[in-house]
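>>> Kindly generate the corresponding structure for this input.
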Amino acid sequence: MWKGRFQQGEFVPLGVACTDASYAPVAPDAAPTVNVYGPTGAKLLSAKAIPTMDRFGTVGLFCWGLFLDETYPPGHYTAA
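Presented below is the predicted three-dimensional model:
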């Protein structure tokens, strides 16, 4: 999914909505994780757990802001 263009010094919002087979919100057994890969395919961030957005208000919704510091020079990145 295309999230847009971001510059160094900005946050990239990375979110996950967990659902069951009928697309109803569900709380997973463990927090989802994200890996970030650089323009060459090298893994820059490994298995970062994404925190819950609202534990008691919205079931299964997770969000985290990836801060683009000097570790992320200009280029195309993939978060999976």
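>>> Direction included, what does the helix or strand of the chain with the lowest mean pLDDT pair up with?
Lowest by mean pLDDT, DSSP states H and E among the helices and strands of the chain is strand 78-79, with a mean of 90. Partners of strand 78-79 in the sheet, by DSSP bridges, are strand 33-37 (antiparallel).
>>> buried ones in the partner strand?
Across strand 33-37, burial judged by 16 or more other C-beta atoms under 10 Å covers Val34, Val36, Tyr37. Where you see a C-beta, it was placed from the backbone N, CA and C, and this is true even at glycine.
>>> got it, and stretch 23-40?
Pro32, Val34, Val36, Tyr37, Gly38.
>>> Looking at stretch 38-50 now, give me its mean pLDDT.
The average of the pLDDT scores along stretch 38-50 is 92.
>>> Show the end-to-end separation of it, please.
Stretch 38-50 has an end-to-end distance of 19 Å (C-alpha to C-alpha, to the nearest Å).
>>> cool, stretch 32-51 as well?
Terminal-residue distance, stretch 32-51 (C-alpha to C-alpha): 8 Å.
>>> which of the buried residues of strand 33-37 lies closest to Val16?
Proximity of the buried residues of strand 33-37 to Val16 was ranked by C-beta to C-beta; the top entry is Val34 with 8.3 Å.
>>> In which helix or strand does the residue of the chain most remote from its centre reside?
What lies farthest from the middle of the chain is Ser22; by C-alpha atoms, centre = their mean that is 23.1 Å. Using DSSP states H and E, Ser22 sits in no helix or strand.
>>> Run through the chain and note the low-pLDDT ranges.
The model of the chain has no residue with pLDDT under 70.
>>> Which stretches in this structure count as strands?
Here the chain has its strands, by DSSP state E, at 11-17, 33-37, 43-49, 61-67, 78-79.
>>> got the buried residues for the third one?
In this case it means strand 43-49. Buried residues in strand 43-49 (16+ other C-beta under 10 Å): Leu45, Lys48.
>>> could you list every residue that touches the residue nearest to the spatial centre of the chain?
Centroid-nearest residue in the chain: Leu14, 3.2 Å away (criterion: C-alpha atoms, centre = their mean). Shown in contact with Leu14 (C-beta atoms under 8 Å, 6 or more residues apart in numbering): Lys3, Val34, Ile50, Cys63, Trp64, Gly65, Leu66, Ala79.
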